[in-house]
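Chemist: Model the following, please.
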Amino acid sequence: MRVRIAWTVFKCNCEAAVGVQASKGISTGREYDHMDRRHLLLGLTRGGVAAGYASWALPGLAAARARSGERVFDITAYGATGRGKTLDTQAINRAIDTCNAAGGGVVYMPPGVFLSGTVVLKSNVTLYLEAGATLLGSRNVEDYANHPGPPEKGDANQKHLVFARDAENLGVAGTGRIDGQGPAFWVPRGHDRPAEDSWKDVAIYPWVPLDRPSPLLEFVGCKNLRIEDVRIENAPGWTLRPINCDDVFIRGIIIKNPVTGPNTDGIDATGCQNVFIADCLVDTGDDAICLKSENPYGDSVRVSKNITITNCILRSCCNGLKFGTATQGGFENVTFTGSVIFSERVELRARVISGIAIEMVDGGWLEGVVASNIRMQNVRTPIFIRRGNRNRGARPDAPPGLLRGVMIDNVHATGSILASSVTGLPGFDVEDVTLSNIRIDSEEGGRVEWADLEVPEVPKAYPEAHMFERLPSYGFYCRHVDGLRMRGVEFGTVASEARPAIICDDVKRLDIDGLRAPVVASRQPVTKLIQTKTALLRGCVAASGTKSFLEVQGNRTERIVVAGCDLVGAEEPIRVGSDVAKGAVSLAMAIPIGNR
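Modeler: Numbers count the residues shown, from 1 in each chain. Predicted structure coming up:
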């Protein structure tokens, strides 16, 4: 009885859809009007029933489109077997081509395993993967067609499992899977690195990549692109890259790559504008979400602009959210909020390197980045902001790019093992950075001799949080910054930590409000200012037993004001170096402190 009712409802709906499209002179793709009960039962056994409909009456997104009369093209009608043994590449592409030629619709992948090489999406086509459907990337690199653009080397190349260029109104959707079979394209490296370097190494050390499809999904110059709900796993290289695309919506997807996978980035949005990434789980062996500004498809580099990333869970052995390293153009208007960055892995080299990494090193510019309400767990370095001068892709004599207008608020980070940093270059400052309501718990336990380490400039080095090796502070190390506000910043650390919590060197317009930090296990101060100009410290509290709260050094230091601070708990509240000009440091904005 249920089958009979289902068949009646299904047949009526199909006849209605066929009638609507026939009246328009449009082919319906699969001949639904010739189906019988055998086809319905076949659909039932495929697990595609929703509310009494057969598998061709698609649930969710496809169901809504089918009921509205939109065309649905089942890839099995074009020869796809779904057995996972023989290539279904041609059948899938035939369905896409037919759908595109008919004016657009849904290319439907029913439950099954569909082995494939390169699939080329086209305008007005949504590839819908049903629950139980797997698009399985071939293990043979020769099955992937070359698409001219990036050089045939490096992390990104000309081979992809899903590819589209200059298309519009397209996407990939459904709760099925895309599996790139990544381990088939890696070989063991053959050696390990010393255990003492594990605090800075990433977890990709055991593997070397072979020729591989990367990114697994590549969309170039597309408009109105939607990637929704699918699970993408085992990418051989980068997973998903929209490049030079407009109006990009990535929602509810899961990316799961082995932590040891070499360069298996999650989402690499490059030169895209009007981007919305939400409700995603990204677990990768390289950067989870990486925003870039470059153009391997041409000379003109687009601004990465108007990007919102929200409600995501990011797990990686590299960086959580990263800007760069390719930063040849600009970044404007980026928000990152309400997300978790974490690692459950105990091994140091498998932990996230940086929670938020902003790396401007190739002559571009960044202005207008807001990050808020972020929880970090077992992240080696919570915040890394770097203006460098690598200048890849720029003139050798080009000046360093610009980095300004960054606001990071409401961050709680535990398990830190390397200081956060904000660093520019001499004469080329990082500008206008606000760090507010931040709690960082460090478990590094730095030695007292580290507090006197000289930090190299390394202007052309690849930017990474450990690029300076060990730092002389455990909380924040800030150098060559103009306009730095630290409000409501609090640190926790192990009892053996012997370095300052904060060091500011060549910082102008510094505002530290409400600093809280534990006692330092040495004579080092909690806060050290070197060659700092125009600084205001207010509302700070020295924990009971503090040896020295503030130390000021440098013959260029001027206009340091300490006001409204509770320094009673410090044996020596303020220590002023002999090279500091008389009157450069004031208490309560009125009483000068002489040299000591």
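
Chemist: Ignoring the adjacent residues along the chain, who's closest to residue 564?
Modeler: Nearest non-adjacent residue to residue 564, counting by CB to CB, 6 or more residues apart in numbering: residue 538, 4.7 Å away. Where C-beta positions appear, they are placed from N, C-alpha and C, glycine not excepted.

Chemist: what does residue 167 give?
Modeler: residue 123 is the one closest to residue 167 (CB to CB, 6+ apart), at 4.4 Å.

Chemist: before we move on, the earlier item: residue contacts, the residue nearest to residue 564?
Modeler: By CB atoms under 8 Å, 6 or more residues apart in numbering, the contact set of residue 538 is 512-514, 562-565.

Chemist: Could you report the separation of it from residue 565?
Modeler: 6 Å (CB to CB, to the nearest Å).

Chemist: same check, this time on residue 534
Modeler: In this view, residue 534 and residue 565 are 17 Å apart by CB to CB.

Chemist: of these two, who's got more company?
Modeler: Set side by side, residue 534 and residue 565 show more neighbours around residue 565, with 23 against 15, by other CB atoms under 10 Å.

Chemist: Am I right that the more buried one is in contact with residue 527?
Modeler: No - with contacts counted by CB atoms under 8 Å, residue 565 stays clear of residue 527, the gap being 10.5 Å.

Chemist: any common contacting residues for these two?
Modeler: Shared contacts of residue 565 and residue 527 (CB under 8 Å, 6+ apart): 537, 540, 549.

Chemist: Go through the residues you listed and say which is closest to residue 323.
Modeler: Distance to residue 323, by CB to CB, is smallest for residue 537 among the shared contacts of residue 565 and residue 527, at 29.8 Å.

Chemist: Averaged pLDDT, the helix or strand the closest one falls within. What do you get?
Modeler: Secondary structure assignment for residue 537, by DSSP states H and E: strand 533-538. For strand 533-538, the mean pLDDT works out to 97.

Chemist: Next secondary structure after it?
Modeler: By DSSP H and E, the next helix or strand past strand 533-538 is strand 541-542.

Chemist: tell me the domain ranges of this protein?
Modeler: Domain assignment of the chain by automatic domain parsing yields the ranges 166-350, 356-362+370-596.

Chemist: Relative to residue 88, which of those is closest?
Modeler: domain 166-350 (13.5 Å).

Chemist: State the mean pLDDT of the closest one.
Modeler: What domain 166-350 shows for mean pLDDT is 93.

Chemist: Now do that domain: distance from first to last residue.
Modeler: Taking CA to CA, to the nearest Å, domain 166-350 runs 38 Å from one end to the other.

Chemist: how far does that domain sit from the chain's center?
Modeler: What separates the centre of domain 166-350 from the centre of its chain is 6 Å, taken as CA atoms, centre = their mean, to the nearest Å.

Chemist: sorry, back to before: present the domains of the chain as CSV; the columns should include distance to residue 160.
Modeler: Shown next, in CSV, are the domains of the chain (distance: least, CB to CB, whole Å):
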stretch, distance to residue 160
domain 166-350, 4
domain 356-362+370-596, 23
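
Chemist: Spell out the residue ranges of the strands in the stretch 251-400 of the chain.
Modeler: Using DSSP state E, counting those that start in this stretch, the strands of the stretch 251-400 of the chain run over residues 254-256, 267-270, 273-278, 281-284, 289-293, 304-310, 313-316, 319-327, 330-342, 352-360, 365-377, 379-387.

Chemist: between those, which gets nearest to residue 209?
Modeler: Of all the strands of the stretch 251-400 of the chain, strand 281-284 sits nearest to residue 209, with 14.4 Å by CB to CB.

Chemist: who touches that closest one?
Modeler: Counting by CB under 8 Å, 6+ apart, strand 281-284 makes contact with 239, 253-257, 259, 261, 264-267, 288-289, 312-316, 318, all of which sit outside it.

Chemist: quick one on the thing from earlier: residues contacting the residue nearest to residue 167?
Modeler: By CB under 8 Å, 6+ apart, the contact list for residue 123 reads 100, 104, 167-170.

Chemist: how about JSON lines for these, with distance to residue 376 and secondary structure added?
Modeler: Converted to JSON lines, the contacts of residue 123 look like this (distance: CB to CB, whole Å; DSSP: H, G, I helix; E, B strand; the rest coil):
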{"residue": "100", "distance to residue 376": "44", "secondary structure": "helix"}
{"residue": "104", "distance to residue 376": "43", "secondary structure": "coil"}
{"residue": "167", "distance to residue 376": "37", "secondary structure": "coil"}
{"residue": "168", "distance to residue 376": "38", "secondary structure": "strand"}
{"residue": "169", "distance to residue 376": "37", "secondary structure": "strand"}
{"residue": "170", "distance to residue 376": "35", "secondary structure": "strand"}
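
Chemist: what's the most buried one of the domains of the chain?
Modeler: Mean neighbours per residue, mean count of other CB atoms under 10 Å, is largest over the domains of the chain for domain 166-350, with a mean of 21.

Chemist: Please confirm that residue 509 is located within a strand.
Modeler: Yes - checked against DSSP: H, G, I helix; E, B strand; the rest coil, residue 509 lies within a strand.

Chemist: From what I see, it and residue 486 are in contact.
Modeler: No - taking contacts as CB under 8 Å, residue 509 lies outside contact range of residue 486: 12.0 Å.

Chemist: can I assume residue 183 sits in a helix?
Modeler: Yes - Residue 183 forms part of a helix when assessed by three-state DSSP.

Chemist: From residue 235, how far out is it?
Modeler: Distance of residue 183 to residue 235, computed by CB to CB: 11 Å.

Chemist: Give the intersection of the neighbour lists for those two.
Modeler: Here residue 183 and residue 235 have residue 261 as joint contacts, going by CB under 8 Å, 6+ apart.

Chemist: ok, which stretches of this structure are helices?
Modeler: Counting by DSSP state H, the chain has these helices, from start to end: 2-23, 37-45, 60-67, 89-101.

Chemist: Can you flag the weakest of those by average pLDDT?
Modeler: Lowest mean pLDDT within the helices of the chain: helix 37-45, at a mean of 36.

Chemist: What residues are bridge-paired with the residue nearest to residue 161 when sequence neighbours are not counted?
Modeler: Spatial nearest neighbour of residue 161, chain neighbours left out: residue 137 (4.6 Å); criterion: CB to CB, 6+ apart. Counting by DSSP bridges, residue 137 is bridged to residue 116.

Chemist: what do you get for residue 563?
Modeler: Taking DSSP bridges as the rule, residue 563 bridges to residue 538.

Chemist: Surely it touches residue 588?
Modeler: Yes - counting by CB under 8 Å, residue 563 touches residue 588, with 5.5 Å between them.

Chemist: Please look at residue 382 and residue 376 and confirm they touch.
Modeler: Yes - between residue 382 and residue 376 there is a contact at 5.4 Å, judged by CB under 8 Å.

Chemist: Mutual contacts of the two, please.
Modeler: In contact with both residue 382 and residue 376: 355, 411, 413, using CB under 8 Å, 6+ apart.

Chemist: can you tell me which of the residues you listed lies nearest to residue 248?
Modeler: Closest approach between the shared contacts of residue 382 and residue 376 and residue 248, by CB to CB: residue 355, at 23.4 Å.
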